[in-house]
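> dropping a prediction and its sequence here:
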Amino acid sequence: MGFGNRLRGVIALFFLLGIVLFSSCAETLESEQLVYSNNFSKLDLAGFENGKLFIFQNDTVAGYYHNEEVAVNLKNLPTHNLLKVTIEILVHDSWDGNPTDSLSGPDYWFFGVDNKETFRTTFSNSPCESTYCLYQSYPDNYFKQNVPKSGAIQTNMPGLCIFGALANYTTRYSISQILEHSNPTARIFMNSELKQLNSPDPICDESWSLAKVTVEALILN
Ligand SMILES: [Ca+2]
Ligand SMILES: [Ca+2]
């Protein structure tokens, strides 16, 4: 066997060894179990803190909210080391996104589990033109400059209050995050820090609702 062949043989061996090592280190999703799913159609607010319902566009949703904490408490969760939380929210009326003018923003929305905030972003339903744009951070964590409604799953609903008569002023998002978690209980909290100091009725200016919450318990080993 020539040197070249021997070298090729050694390279092939290391390549195979690499595959074996990589596959033995790869993590496997051993189970995925839906532990909570609520779209509020059954008027079920069990486990909710600050739960309230109303009908928006023929759909029962939880809300609407403005700078007040909402939480879902889950008990007796099956063994898990991760939770996948998916929250579908409706962003109503004149959210302004990122601006730091101290009058109208940033308009933050955030959530977390137990005592830890895990995601904080901003949303904007406001105009965006080449010369003037109120950017939002979603789908990223704050601070990022994305155009209004980036990552939305529906944009063609009317506003709720101040822009209730105008099309395209409620935006639907499905926000999903996988979190390290292993306790048999979980408290998933959500809140906003909306700012509109020049409005006589801030909750009418900007608010949010919950259309659906789902939680899956995962085991990854
Ligand atoms: Ca506003
Ligand atoms: Ca605002």
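Structure's in. What do you need? For clarity, every value in this text was computed on a predicted model and none was experimentally measured. Ligands and ions are numbered 1, 2, ... in the order given.

> the longest strand in this structure is where?
The longest strand of the chain (DSSP state E) is strand 206-220.

> what's it packed up against?
Contact partners of strand 206-220 among helices and strands, from 3 or more Cβ pairs under 8 Å, 6 or more residues apart in numbering; DSSP states H and E: strand 29-38, strand 59-65, strand 70-74, strand 82-93, strand 170-180, strand 186-193. Just so you know, the C-beta spots here come from the backbone N, C-alpha and C atoms, and that holds for glycine as well.

> which other residues reach the third one?
Contacts with strand 70-74, where a contact means Cβ atoms under 8 Å, 6 or more residues apart in numbering, come from 35-36, 38, 47-51, 62, 185-191, 210, 213, 215.

> among the residues you listed, name the buried ones.
35-36, 38, 48, 51, 62, 186-191, 210, 213, 215 (16 or more other Cβ atoms under 10 Å).

> and the residue nearest the centre of the chain, what does it touch?
The chain has residue 175 as the residue nearest its centroid, 2.6 Å off, counting by Cα atoms, centre = their mean. Neighbouring residues of residue 175 by Cβ under 8 Å, 6+ apart: 86, 87, 88, 89, 111, 119, 138.

> again, only using 10 Å
Contact analysis of residue 175 by Cβ atoms under 10 Å, 6 or more residues apart in numbering lists 85-89, 109, 111, 119, 121, 138-139, 151, 190.

> quick check, nearest of those residues to ligand 1?
For these, the closest approach to ligand 1 (Cβ to the ion) belongs to residue 109, at 13.4 Å.

> of the buried ones among the contacts of strand 70-74, closest to ligand 2?
Looking across the buried ones among the contacts of strand 70-74 and measuring by Cβ to the ion, the closest to ligand 2 is residue 191, at 15.1 Å.

> quick one: the closest one and residue 66, what's the gap?
10 Å (Cβ to Cβ, to the nearest Å).

> overlap in contacts, these two.
residue 208.

> let me know the helix or strand that residue 203 is in.
helix 202-205 (DSSP states H and E).

> which parts of this structure sit against ligand 2?
96, 104, 105, 107, 196 (Cβ under 5 Å from the ion).

> the nearest residue to residue 192 once chain neighbours are set aside: what secondary structure?
Leaving aside its sequence neighbours, residue 192 sits nearest to residue 109 (Cβ to Cβ, 6 or more residues apart in numbering; 4.7 Å). Recorded secondary structure, residue 109: strand (DSSP: H, G, I helix; E, B strand; the rest coil).

> wait, isn't residue 109 in contact with residue 123?
Yes: assessed by Cβ atoms under 10 Å, residue 109 is found in contact with residue 123 at 6.1 Å.
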